[in-house]
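Trainee: Generate coordinates for the sequence data below:
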Amino acid sequence: MTLNRFLSIIMILTLPSCSWGQSKGVAYNLYDLNNKGELQAFNRTLSSVTDQNRKGIRFSEKEGDGVAWIDGINFTNGVIELDIKGKDVLQQSFVGLAFHGKDEKTFDAVYFRPFNFRSTDPVRRIHAVQYISHPDFPWDKLRETQNGKYEKALSSAPDPNEWFHVKIIVEYPLVSVFVNNSSEYSLSVNKLNDRKGGKIGLWVGNNSGGDFADLVITDRK
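Mentor: You can find the predicted model right below:
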């Protein structure tokens with residue numbers, strides 16, 4: 001890690017006690033939002049579900065990527081937290097969050113491959129969490145041109161069939177990802193575009209469904 005990146009991470013981690021400390025996180029009940037028609041889904045069907053005392057939404061499985069944008073949100077910088085559940089089935093579980101979205105084809109996203117979380121294959125393990133910037137930088141282009149920079153392993157990998165907690169801190173251009181309340185980031189990268197704001201949505205990849213709950217967004221204007 002470079003000195004500048006280290007200092008950037010330290011600055012971000014201390015922000016909640018200062019500038020972000022003045023902002024209160026807003027909780028979004030995805031179960032209710034879906035029932036009210038306030039989630040705009042593309043290439044997926046959504047259902048409201050209750051699982052392990054969590055009330056959230058479930059994406060259907062279908063070929064191609066899918067996203068559900070939340071009505072009325074324009075996110076710039078801040079903290080996004082949510083619970084996600086995928087499954088341990090090879091190439092059938094890609095679950096994450098889209099942000100700074102323009103439409104279903106143009107957005108940033110951080111997503112997870114639960115089937116790689118605890119793989120015995122060391123190459124698969126380092127493909128656990130991924131940053132992408134569509135349409136110009138999909139995962140395959142990033143792996144081909146900058147292998148290992150925009151995807152990483154999880155040091156304390158969750159059960160791939162259970163819920164796990166995600167915190168994403170965006171302080172343009174830096175995006176940092178934390179899993180299960182760890183104080184150490186799992187992924188920290190600079191965005192690959194100049195968008196500084198946009199929609200927030202739940203995202204799934206090719207042939208993947210997924211469950212999402214307990215979304216909280218803390219804005220830093």
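Trainee: tell me which residues in the lengthiest strand in the chain are buried?
Mentor: For the chain, the longest strand by residue count, based on DSSP state E, is strand 210-220. In terms of neighbour count (16 or more other Cβ atoms under 10 Å), strand 210-220 has its buried residues at 210-215, 217-220. In this view, the C-beta of every residue, glycine as well, is placed from N, C-alpha and C.
Trainee: now stretch 29-36
Mentor: For stretch 29-36, a neighbour-count test (16+ other Cβ under 10 Å) marks 29-31, 33-34 as buried.
Trainee: center of this protein, which residue is that?
Mentor: Central residue of the chain (Cα atoms, centre = their mean): Leu97, 3.2 Å from the mean position.
Trainee: Across the sheet, point out what pairs with it.
Mentor: According to DSSP bridges, the residues that bridge with Leu97 are Val110, Leu202.
Trainee: Ok, Asp103 next?
Mentor: Beta-bridge pairing for Asp103 (DSSP bridges): Thr106.
Trainee: how near is it to Trp69?
Mentor: 9 Å (Cβ to Cβ, to the nearest Å).
Trainee: Which one of these two is surrounded by more residues?
Mentor: Neighbours of Asp103 and Trp69, each counted by other Cβ atoms under 10 Å, are more numerous for Trp69; the result is 22 against 12.
Trainee: contacting residues around the residue nearest to the centre of the chain?
Mentor: Going by Cβ atoms under 8 Å, 6 or more residues apart in numbering, Leu97 touches 80, 82, 109-111, 166, 168, 200-203.
Trainee: and the buried residues of stretch 29-36 as TSV, adding distance to Ser60, pLDDT and secondary structure?
Mentor: What follows is those, written out as TSV (distance: Cβ to Cβ, whole Å; pLDDT from 0 to 100; DSSP: H, G, I helix; E, B strand; the rest coil):
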residue	distance to Ser60	pLDDT	secondary structure
Asn29	20	98	coil
Leu30	15	99	helix
Tyr31	16	99	helix
Leu33	17	99	helix
Asn34	13	99	helix
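Trainee: quick one: which of the residues you listed is nearest Ser156?
Mentor: Nearest to Ser156 out of those is Leu30 (Cβ to Cβ; 25.7 Å).
Trainee: The closest one and Ser186: what is the separation?
Mentor: With the distance defined as Cβ to Cβ, Leu30 ends up 23 Å from Ser186.
Trainee: Kindly report the same for Leu154.
Mentor: With the distance defined as Cβ to Cβ, Leu154 ends up 5 Å from Ser186.
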